[in-house]
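>>> Sequence first, predicted coordinates after that:
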Amino acid sequence: MLKPENFGVYLFNSKNSSPDAVDYPKLTDYLKNYPGSKFVQYLGDDPAIDIQAISEEIKREGVDRIIIGGDTPGVYKDSFTKAMKKAGKGGRNVHLACFNDHGASAPNSTKMAKAVLLSAIYNIPFETALMPDENRVNKESLIIGAGIAGIQAALEIANGGYKVYLVEKSGTIGGHMAMFDKTFPTLDCAACILTPKMVEVGQHPNIEILHYSEVKKVEGESGDFQVTVHKKALRVDPAKCITCGDCADICPKRVPSEFDAGTALRKAIYIPFPQAVPNKYLVDGDNCLYVQNGKCGVCVKKCPTEAINLDEQDQEITLNVGNIIVATGYQPFDARRAEKYGYGLYPNVITSLEFERLVNAAGPTGGNLKLKTLNKKGEWIFSGEGEDPKSVAIVHCIGSRDENYNKYCSRVCCMYSLKFAHLVKEKLPDAEVYEYYIDMRAFGKGYEEFYERIKNEGINVIRGKTAKVEESNGKLLVRSENITAGRLEEQECDLVILSIGLEPRKDAGEIARMLGISQSPDGWFLENNITTATTETFTGGISIAGVCQGPKDIPDSVAQGSAAASKVLMSIMKGTVKKNIKDVSLEDIELKGKTFHK
């Protein structure tokens, strides 16, 4: 049997790690008193490794094995291997305890860090060390969020013959993908790909859509969750509604359309978009004049089927499910926070989502690329009467790769910006298009080829960070560096498109607390293992899929939706699901470590 003796531990963390993730003094005290431990050294943030000093310490203390633990210990393994060899020990006896790989990078992860270190001390796989017991599983499942990842997961489970509840906060399934005009790199119609799946979900006998609803409470344990869902009043009976549109025609209240990213208006009684699923009208109670002050109600009189009941109240229902998949997606970065780019100040500085709706045939200008115009109320709006822009600037990395906002790369911005350049040229062949980027990250299948294609379409591709967008002589002035040419540049443009990044939803923390799952320092939901278990969490019976786990494109979101569904189907077919990994005690890990090497 392997005895955990004669080992030394070196700990370090990264300057980019969460400061409250691991309590290193507490971790050091725990390991110093552990049987077989000869020494424990905390080397601080991103240390410089002194191979000679470490080799002398190894010889002096007489250790046979070294454990290096931290956020990214693999970065330092070569140095410690050299130190072990220099000390006359085997270079193979350097073991990694990576906190990032195993979810010990979230706040209050000291216990998980101890578990990671113990598995390294006993030299057993982490997944073996943290193998919890199992519960019997209810065969019905719940998916929170009905974007492309949630839709894919729902179809996989339902096609396997099992019941799925699909809860969506908005008035339609489809998520952000439904808002897009084209997908990269094939430039296929986004709706042509998505809407058949939406229809299949809407018609599937094993899928129950709970739209305009939110999960409010989750109780119970893996395999047997009791979920309270708050269903907002639709105030329109779907069984009676014939989607004639008479109610919306007569409704006097107009508000910005969420689906059109605020580029167009909708009524207080509305269908989110023409291909919505369910394709029935609903009432926005927050903006309905009758709901707010008891006045109006003209839609009730106009409805030919008496489908509208403006006095309908919200209700709560309880679901009993065995597995939960979280696919709540993301929110776009608020470009107003980056004041230097002029969004909200200059009318023709727009975001990427607004551009998606502008070039869509169902958008406010019928798919024609136009500048904003002033209406009779003095408001800047998109309309078919606007002028064609003669020059367009597309600025990358708004809110991403920026110490002031989000340090991470949002992954999709480079490619959708290149797509935009192509669409501008397609709509307006004579327009000048300028792409301002930091680094071009064309990482996916066919992406690099798409980038090369765009460069050959007459696009001015400029490498350098954009400093500011100002207004000058009725034009927008883009100030930027040009790294390739080694100079600063100013370019006048009619339209500036800000390629905004992706952020965790504002309610992500609330969802994480309700479900008992963790978040990364950036706020994304934290996976069990960053390499091998990207859809699993440390809470039994709860999986994550899509962008809620971290920025990714549509193909990766679909793949994760399928992966999460496969885990659910496996547990249903097996009849059991794992309990919480996070509840496995350190004593259990020690026992498994000793048993593993008998």
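Cool, the structure landed. Residues are numbered from 1 along each chain as shown.

>>> neighbours around Gly294, how many?
With neighbours defined by other CB atoms under 10 Å, the count for Gly294 comes to 9. Every residue, glycine included, has its C-beta placed from N, CA and C.

>>> With Cys299 instead?
Around Cys299 sit 27 other residues, with neighbours defined as other CB under 10 Å.

>>> other SSEs contacting the stretch of helix or strand it belongs to?
For Cys299, the element it lies in under DSSP states H and E is helix 298-302. On a contact count with 3 or more CB pairs under 8 Å, 6 or more residues apart in numbering; DSSP states H and E, helix 298-302 meets helix 246-250.

>>> Show me which positions of the helix it packs on end up buried.
The neighbour-count criterion (16 or more other CB atoms under 10 Å) identifies 247-248 as the buried residues of helix 246-250.

>>> before we move on, the earlier item: which residues touch the helix holding Cys299?
With CB atoms under 8 Å, 6 or more residues apart in numbering as the contact definition, helix 298-302 has outside contacts at 246-252, 269, 283, 308-310.

>>> Following the chain past it, name the next helix or strand.
Using DSSP H and E, the helix or strand that follows helix 298-302 towards the C-terminus is strand 315-321.

>>> could you give me the average pLDDT of that next one?
Along strand 315-321, the predicted local confidence has a mean pLDDT of 98.

>>> which strands and helices sit next to the helix or strand following that strand?
Under the assignment DSSP H and E, the closest C-terminal helix or strand after strand 315-321 is strand 323-326. The elements that strand 323-326 packs onto, with contact taken as 3+ CB pairs under 8 Å, 6+ apart, are strand 141-144, helix 508-515, strand 542-544, helix 554-574.

>>> residues in contact with Ser105?
When the contact criterion is CB under 8 Å, 6+ apart, the partners of Ser105 are 17-18, 21, 71, 99, 520-521, 526.

>>> And it, how close does it get to Cys299?
Going from Ser105 to Cys299 by CB to CB, to the nearest Å gives 51 Å.

>>> Leu569 now?
With distances taken as CB to CB, Leu569 is found 44 Å from Cys299.

>>> And Ile207, by the same measure?
Distance, Ile207 to Cys299, using CB to CB: 30 Å.

>>> again with Gly384
Here Gly384 is placed at a distance of 28 Å from Cys299 (CB to CB).

>>> from memory Arg357 sits against Thr263, does it?
Yes: using CB atoms under 8 Å as the test, Arg357 is close enough to Thr263 to be in contact (4.9 Å).

>>> joint contacts of the two?
What both Arg357 and Thr263 touch, as defined by CB under 8 Å, 6+ apart, is the set 363-364.

>>> the domain parsing of the chain - what is it?
Partitioning the chain according to automatic domain parsing yields domains covering residues 7-132+586-596, 141-232+314-329+504-579, 246-302, 331-503.

>>> List the residues that contact Asp522.
So Asp522 contacts 406-408, 504, 550 (CB under 8 Å, 6+ apart).

>>> Also Val424?
Contact partners of Val424, counting by CB under 8 Å, 6+ apart, are 369, 392, 431, 433.

>>> Look up how far Lys578 lies from Ser571.
As defined by CB to CB, Ser571 lies at a distance of 8 Å from Lys578.

>>> residues shared between the contacts of the two?
Counting by CB under 8 Å, 6+ apart, the shared contacts of Ser571 and Lys578 are Gly541.

>>> For these two, indicate the residue with more neighbours.
Between Ser571 and Lys578, counting by other CB under 10 Å, Ser571 is the more crowded of the two (24 against 20).

>>> which residues touch that one?
Listed by CB under 8 Å, 6+ apart, the contact partners of Ser571 are 137, 223, 322-323, 541, 577-578.

>>> repeat that for 7 Å
Applying CB atoms under 7 Å, 6 or more residues apart in numbering, one finds that Ser571 lies in contact with 137, 323, 577.

>>> Test my guess that Gln491 contacts Tyr434.
Yes: with contacts counted by CB atoms under 7 Å, Gln491 reaches Tyr434, the gap being 5.9 Å.

>>> can you give me the strands in the stretch 451-598 of the chain?
460-463, 466-472, 475-482, 487-493, 495-500, 502-503, 542-544, 576-578 (DSSP state E, counting those that start in this stretch).

>>> would you list those strands in a markdown table and tack on distance to Val412 and mean pLDDT?
Putting the strands of the stretch 451-598 of the chain into a markdown table (distance: least, CB to CB, whole Å; pLDDT from 0 to 100) gives the following:
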| stretch | distance to Val412 | mean pLDDT |
| --- | --- | --- |
| strand 460-463 | 18 | 96 |
| strand 466-472 | 19 | 95 |
| strand 475-482 | 22 | 97 |
| strand 487-493 | 23 | 95 |
| strand 495-500 | 9 | 98 |
| strand 502-503 | 7 | 98 |
| strand 542-544 | 18 | 98 |
| strand 576-578 | 32 | 96 |
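
>>> So which of those strands is the most surrounded?
Greatest average neighbour count among those goes to strand 542-544 (a mean of 28), per mean count of other CB atoms under 10 Å.

>>> related to what we said a few turns ago, counting only strands, which of the contacts of Val424 make the cut?
392, 433 (DSSP state E).

>>> out of the contacts of Val424, what pair is the most spread apart?
Leu369 and Val433 (11.0 Å; CB to CB).

>>> between those two, who's got more neighbours?
Legend: neighbour count by other CB under 10 Å for Leu369 and Val433, higher for Val433 (25 against 20).

>>> who's in contact with that one?
With contacts defined as CB under 7 Å, 6+ apart, the neighbours of Val433 are 392, 421, 424-425, 459-460.

>>> ok, what's across the strand from it?
Going by DSSP bridges, Val433 is paired in beta bridges with Val392.

>>> all helices of the stretch 251-400 of the chain, in order?
Per DSSP state H, counting those that start in this stretch, the stretch 251-400 of the chain carries helices over the ranges 289-293, 298-302, 352-358.

>>> measure Lys574 to Val137 for me?
For Lys574 relative to Val137 (CB to CB), the value is 8 Å.

>>> neighbour-wise, which of those two wins?
Val137 (24 against 10).

>>> just checking, the more buried one touches Gly223?
Yes: at 4.1 Å, Val137 and Gly223 qualify as touching, with contact defined as CB under 7 Å.

>>> which residues do those two both contact?
Between them, Val137 and Gly223 have 322, 577 as joint contacts when contacts are counted by CB under 7 Å, 6+ apart.

>>> So which residues of the stretch 301-450 of the chain form strands?
Taking DSSP E, counting those that start in this stretch as the test, the strands found in the stretch 301-450 of the chain are 315-321, 323-326, 331-332, 349-351, 373-374, 380-381, 391-398, 432-437.

>>> Report all helices and strands that the first one contacts.
By that I understand strand 315-321. Contact partners of strand 315-321 among helices and strands, from 3 or more CB pairs under 7 Å, 6 or more residues apart in numbering; DSSP states H and E: strand 141-144, strand 224-231.

>>> let's see 10 Å
Strand 315-321 makes packing contacts with strand 141-144, strand 164-167, strand 207-210, strand 213-221, strand 224-231 when contacts are defined by 3 or more CB pairs under 10 Å, 6 or more residues apart in numbering; DSSP states H and E.

>>> And for the fourth one?
Taking 3+ CB pairs under 10 Å, 6+ apart as the contact definition, the neighbouring helices and strands of strand 349-351 are strand 391-398, strand 495-500.

>>> Pro205: neighbouring residues, count only.
Per other CB under 10 Å, the neighbour tally for Pro205 reads 7.

>>> could I have the least confident helix or strand in the chain by mean pLDDT exported to PDB, CA atoms only?
Evaluated with mean pLDDT, DSSP states H and E, the helix-and-strand set of the chain has its lowest mean pLDDT in helix 586-596, which scores a mean of 79. Extracted C-alpha coordinates of helix 586-596, given in PDB (Å, rounded to 0.1, in the frame of the first residue of the first chain):
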ATOM      1  CA  LEU A 586     -11.800  14.600   3.600                       C
ATOM      2  CA  GLU A 587     -11.900  11.400   5.700                       C
ATOM      3  CA  ASP A 588     -13.700   9.600   2.900                       C
ATOM      4  CA  ILE A 589     -10.900  10.700   0.500                       C
ATOM      5  CA  GLU A 590      -8.200   9.400   2.800                       C
ATOM      6  CA  LEU A 591     -10.000   6.100   3.100                       C
ATOM      7  CA  LYS A 592     -10.400   5.800  -0.600                       C
ATOM      8  CA  GLY A 593      -6.800   6.700  -1.100                       C
ATOM      9  CA  LYS A 594      -5.600   4.000   1.200                       C
ATOM     10  CA  THR A 595      -8.000   1.500  -0.300                       C
ATOM     11  CA  PHE A 596      -7.000   2.400  -3.800                       C
END
